[in-house]
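S.K.: what shape does this take:
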Amino acid sequence: MNITLRLPETDRECLVVLAIVYLLLRLPLLTFLPLVQDENLYAMMAQEQLQHLTLIPTFLGYPVSWKPPLTFWVYAGFSKILSGLLPLEAVYRLPSVLFGLLAIPPLYFLLRNAGSSRLFAFFTVLMLIVSIVAVYTQAAFLTDSLMFLLICTSLWLYTEIRLPAWRFLAAGALAFAAFFVKLVIAFMIPLLALAYFYVYRREALRNPLFLVSLLAVPAAFLLNFALLQSSSLAMQLYVSDIGGHLVNSNGAGTETVQLVDSISTFMSTCSIWFALSLYGLWKYWKTEPFMAFWYILLVFPLLGGAFMPWYFLPVMPAVAYFATAALIRWEGREKPDRFFLIVLSFVLLLNLALLAFYYAGIREEFLPQKEVGLLLAGKENVLVIGSDAPGIIAYKTLTEQRSTGNSLDVGWIVTANNLSADVIRTYVADYHSMKYPIVDGSFSSMFTNNAMFRKNSNLTSFDYVAVSDGQGVYLPGFHVIYNESYVTIYER
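M.R.: Next comes the predicted model:
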């Protein structure tokens with residue numbers, strides 16, 4: 001007997017099912033992981049924006065070029081409302097979950113506007129929202145969930161012909177806002193809008209409002225460049241940071257390693273969908289040129305997405321689209337039969353198993369930073385020193401702010417490389433020592449510079465020293481009270 005998979009009968013019912021699946025996968029993960037690496041920095045930056053709103057985000061009181069301000073303004077507002085109601089991780093991650101949820105309807109109707117049937121749009125969005133890339137990104141405090149919402153909503157407005165021509169200006173306004181969330185990634189909006197109308201409605205390419213809307217992202221770029229230039233940060237961002245993701249200054253060998261790392265990141269988080277999508281792309285690219293063009297944009301995160309799966313989220317709709325095509329289209333027709341149901345169930349179960357394995361590995365790696373930060377919270381005369389472990393500082397300072405409204409002064413020295421025992425002992429004895437080259441105050445170039453960075457502090461002696469990647473270091477007058485994985489706490 002042939003089994004046909006029955007879908008909800010309306011678009012609204014499809015969206016309800018997608019929303020339920022989306023929330024079931026993400027809400028349990030809000031507090032499963034400690035804040036991971038950049039999440040800690042962003043949480044501290046959002047807290048600074050809550051205390052003092054600035055056009056250029058700040059970190060430790062200094063302007064930084066890493067990201068534009070909009071994300072930190074938005075998340076700061078959420079943190080003000082949610083602090084005291086939810087655990088620390090949930091306070092900063094719940095907005096990402098909400099933005100990802102809000103992105104489902106515009107993405108679904110964008111696919112419908114591009115010619116997808118209800119069946120096809122439903123399964124494309126389903127495959128996207130269960131992918132590891134989407135689950136992790138939309139359940140973490142990163143800029144990408146808000147960015148994805150703006151991309152999907154802007155493109156939906158462009159393609160929604162039932163709305164009058166003013167929709168072009170609204171779409172352009174969202175693209176403008178997107179630049180102040182994730183910078184140059186926003187350029188994909190006008191590129192995809194051009195591709196869509198070239199394929200489906202070429203007459204719209206001559207619409208004056210459409211042409212004006214295309215200027216939104218370039219205008220945002222110029223404004224952001226001018227703002228950063230006022231703090232001498234523009235070249236650091238656009239040449240060293242963004243340029244460094246695409247062209248590594250250390251030569252072809254390093255670029256090759258970076259490319260391999262990016263491919264490994266992509267394959268470890270969406271290998272199932274990628275393998276299926278390659279077949280779907282090969283078979284249907286000629287009949288689906290708009291989605292094929294979207295798929296080609298995958299080259300950019302592959303060039304710069306090493307160890308950062310969230311870089312792939314903006315192209316995942318195209319990957320999921322062609323993966324769906326590979327599973328559901330047979331002999332030119334969409335056939336959700338028994339074979340499709342069996343294969344889809346197997347793929348989804350395998351994806352969930354990989355997701356559990358992925359999260360377990362991350363939790364094991366980063367939990368020590370949270371434990372150390374919480375152990376040091378409320379303690380005075382603390383130094384954190386060693387390789388990049390921002391969770392220690394974030395959990396200490398954010399926990400103190402949540403309980404008392406202020407954080408205690410703390411010393412922090414961080415570098416991309418492991419520090420020798422002599423270097424560590426030097427700064428424990430004299431935090432302000434100039435024996436070694438070090439950058440004081442601003443951490444703005446920490447992602448593009450291998451130097452040591454030192455936070456401003458009035459402390460002159462320490463009762464507690466947390467060392468990351470420096471186990472076995474002997475500190476005269478101190479004894480070890482915590483030693484787990486790559487972090488050790490010494491107490492005087």
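S.K.: hey, let's count contacts and neighbours off CA atoms from now on
M.R.: Fine.
S.K.: ok, and the closest non-adjacent residue to Thr399?
M.R.: Leaving aside its chain neighbours, Thr399 sits nearest to Ala377 (6.5 Å; criterion: CA to CA, 6 or more residues apart in numbering).
S.K.: the one you found and Gln401 touch, don't they?
M.R.: No. The pair Ala377 and Gln401 fails to qualify as a contact (CA atoms under 8 Å) at a distance of 9.8 Å.
S.K.: point to the helix or strand of this structure where mean pLDDT is at its lowest.
M.R.: Ranked by mean pLDDT, DSSP states H and E, the helix or strand of the chain with the weakest confidence is helix 242-246, at a mean of 61.
S.K.: and Ala377 and Gln401? Which one has more around it.
M.R.: With neighbours defined as other CA atoms under 10 Å, Ala377 and Gln401 compare such that Ala377 has more, 23 against 16.
S.K.: OK, contacts around that one?
M.R.: Applying CA atoms under 8 Å, 6 or more residues apart in numbering to Ala377 gives the contacts 395-397, 399-400.
S.K.: and if you look at Ala121?
M.R.: The contact partners of Ala121, taken as CA under 8 Å, 6+ apart, are 108-109, 111-112.
S.K.: make it 7 Å
M.R.: Applying CA atoms under 7 Å, 6 or more residues apart in numbering, one finds that Ala121 lies in contact with 108, 111-112.
S.K.: what about it, helix or strand, and which?
M.R.: helix 118-130 (DSSP states H and E).
S.K.: among the contacts of Ala121, which are in strands?
M.R.: In strands, judged by DSSP state E, none of the contacts of Ala121 are found.
S.K.: out of the residues you listed, which is nearest to Met446?
M.R.: Tyr108 (39.1 Å; CA to CA).
S.K.: identify the residue nearest the closest one in space, chain neighbours excluded?
M.R.: With CA to CA, 6+ apart, the residue lying closest to Tyr108 is Ala121, at 5.9 Å.
S.K.: now the residue nearest to Thr399: phi and psi?
M.R.: phi -60, psi 130 (degrees, to the nearest 10).
S.K.: how near is it to Ile392?
M.R.: Distance, Ala377 to Ile392, using CA to CA, to the nearest Å: 9 Å.
S.K.: shared neighbours of the two, which are they?
M.R.: Overlap of the contact sets of Ala377 and Ile392 (by CA under 7 Å, 6+ apart) is empty.
S.K.: low-confidence ranges, the stretch 1-150 of the chain, go.
M.R.: Scanning the stretch 1-150 of the chain for pLDDT under 70 picks out the ranges 1-8.
S.K.: how about the strands in it?
M.R.: 58-59, 62-63 (DSSP state E, counting those that start in this stretch).
S.K.: could those go into CSV alongside distance to Leu85 and mean neighbour count?
M.R.: What follows is the strands of the stretch 1-150 of the chain, written out as CSV (distance: least, CA to CA, whole Å; neighbours: other CA atoms under 10 Å):
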stretch, distance to Leu85, mean neighbour count
strand 58-59, 25, 24
strand 62-63, 30, 16
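S.K.: in CSV: the ones you listed, plus distance to Leu214.
M.R.: What follows is the strands of the stretch 1-150 of the chain, written out as CSV (distance: least, CA to CA, whole Å):
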stretch, distance to Leu214
strand 58-59, 30
strand 62-63, 30
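S.K.: related to what we said a few turns ago, now the very next helix or strand once past the least confident helix or strand of the chain: how far from the chain's centre is it?
M.R.: Using DSSP H and E, the helix or strand that follows helix 242-246 towards the C-terminus is helix 252-284. Using CA atoms, centre = their mean, to the nearest Å, the mean C-alpha position of helix 252-284 is found 18 Å from that of the whole chain.
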